[in-house]
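K.L.:
Structure of the sequence below:
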Amino acid sequence: MNTTIAARLAAIHEQIALSCQRCGRDVASVQLLAVSKTVAAAAVQQAAAAGQWLFGENRVQEAAIKQSQLASLALPLKWHLIGPLQRNKVKQAITLFDLIHSVDSVALAQEIDRQASSQRTTPMPVLVQVNVGREPQKHGLMPEAVVAAVTAMAALPHLAICGLMAIPPFCDDPQQVRPWLRQLAQLADQIDRLKLANVAMQQLSMGMSHDFMVAIEEGATLIRIGTALFGPEGV
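P.N.:
Take a look at the predicted model:
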């Protein structure tokens, strides 16, 4: 086992516990998603040996290769897609991932639904990505378009909408990210009150290595940690 990864993982869990204690949340309500993009399969194995089972990948093809490299170990890993998903990669993605975080259009949701109708026996769990900072270089629906989009997606029977995801603008001071995180939580509450079929706002995917403690205080249930676990250069 790589003791550096094990030590980093333990430190992150201590910070998660402190954040939960500070805002009165059950630590079990927050899941650590280890962002393993560009990280070698051996490092994923080392993280698993330290007790980490949930991993996030940005690219479908990279995930396929990594999963193939780890398959012989029969580890009980779960995989989430956190990067943009092209429609021509949907068929492969729904067989590789347990949750897709990056549904950013009704058209993409429709393609996932279409592929899931023949590729899966249960609806494909997804999160809807919101561009809370309105940054042109980032994917995601504009906040004012989210409710209408989710309402349209709710009609897709082979889709299970489990919550929202956002990558807010980077700020040196994590406290400055708080309004965007709060906006995502408020959007989820608004959608939840609509009681839409196939929609349950159970997950808020927000918070990364530099701001995850603030994200937990604002309601994050999935925090995406890469650098703090694997180091600035990966492993």
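K.L.:
hey, let's count contacts and neighbours off CA atoms from now on
P.N.:
Fine.
K.L.:
Can you show me the helices along this protein?
P.N.:
Ranges of helices in the chain, per DSSP state H, are 3-23, 41-49, 60-70, 90-96, 106-119, 146-153, 178-192, 212-217, 227-230.
K.L.:
Now tabulate the ones you listed in JSON lines and tack on distance to Leu204.
P.N.:
Shown next, in JSON lines, are the helices of the chain (distance: least, CA to CA, whole Å):
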{"stretch": "helix 3-23", "distance to Leu204": "15"}
{"stretch": "helix 41-49", "distance to Leu204": "23"}
{"stretch": "helix 60-70", "distance to Leu204": "22"}
{"stretch": "helix 90-96", "distance to Leu204": "20"}
{"stretch": "helix 106-119", "distance to Leu204": "18"}
{"stretch": "helix 146-153", "distance to Leu204": "14"}
{"stretch": "helix 178-192", "distance to Leu204": "7"}
{"stretch": "helix 212-217", "distance to Leu204": "9"}
{"stretch": "helix 227-230", "distance to Leu204": "20"}
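K.L.:
Minimum distance to His80: which of these has it?
P.N.:
helix 90-96 (8.5 Å; CA to CA).
K.L.:
Just the CA trace of that closest one, in CSV.
P.N.:
Extracted in CSV, the C-alpha atoms of helix 90-96 (Å, rounded to 0.1, in the frame of the first residue of the first chain):
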residue,chain,number,x,y,z
VAL,A,90,-23.2,7.3,-24.4
LYS,A,91,-23.6,3.6,-25.3
GLN,A,92,-20.2,2.8,-23.8
ALA,A,93,-20.6,5.2,-20.9
ILE,A,94,-23.8,3.6,-19.5
THR,A,95,-22.0,0.2,-19.3
LEU,A,96,-18.9,1.6,-17.6
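K.L.:
what helices or strands is that helix leaning on?
P.N.:
Counting contacts by 3 or more CA pairs under 8 Å, 6 or more residues apart in numbering; DSSP states H and E, helix 90-96 packs against helix 60-70, helix 106-119.
K.L.:
that older thread, so of the helices of the chain, which one's packed in deepest?
P.N.:
Highest mean neighbour count among these (mean count of other CA atoms under 10 Å): helix 212-217, with a mean of 23.
K.L.:
Dump the C-alpha coordinates for that helix into PDB.
P.N.:
Included here for helix 212-217 are C-alpha records, laid out as PDB according to Å, rounded to 0.1, in the frame of the first residue of the first chain:
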ATOM      1  CA  PHE A 212     -14.800  20.800  -0.200                       C
ATOM      2  CA  MET A 213     -15.200  21.800   3.500                       C
ATOM      3  CA  VAL A 214     -17.300  24.800   2.500                       C
ATOM      4  CA  ALA A 215     -19.200  22.600   0.100                       C
ATOM      5  CA  ILE A 216     -20.100  20.200   2.900                       C
ATOM      6  CA  GLU A 217     -21.400  23.100   4.900                       C
END
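K.L.:
can you tell me the average pLDDT over it?
P.N.:
The pLDDT scores in helix 212-217 average 96.
K.L.:
mind showing which ranges of this protein have poor pLDDT?
P.N.:
Counting by pLDDT under 70, the chain contains low-confidence residues at 1-3, 233-235.
K.L.:
Show residues contacting stretch 65-79.
P.N.:
When contacts are defined by CA atoms under 8 Å, 6 or more residues apart in numbering, stretch 65-79 is touched by residues 40-41, 45, 48, 53-57, 96-99.
K.L.:
Please repeat the previous calculation with a cut-off of 7 Å.
P.N.:
When contacts are defined by CA atoms under 7 Å, 6 or more residues apart in numbering, stretch 65-79 is touched by residues 41, 53-56, 97-98.
K.L.:
How about stretch 80-93?
P.N.:
Residues outside stretch 80-93 that contact it (CA under 7 Å, 6+ apart): 55-60, 97-102, 108, 111-112, 115.
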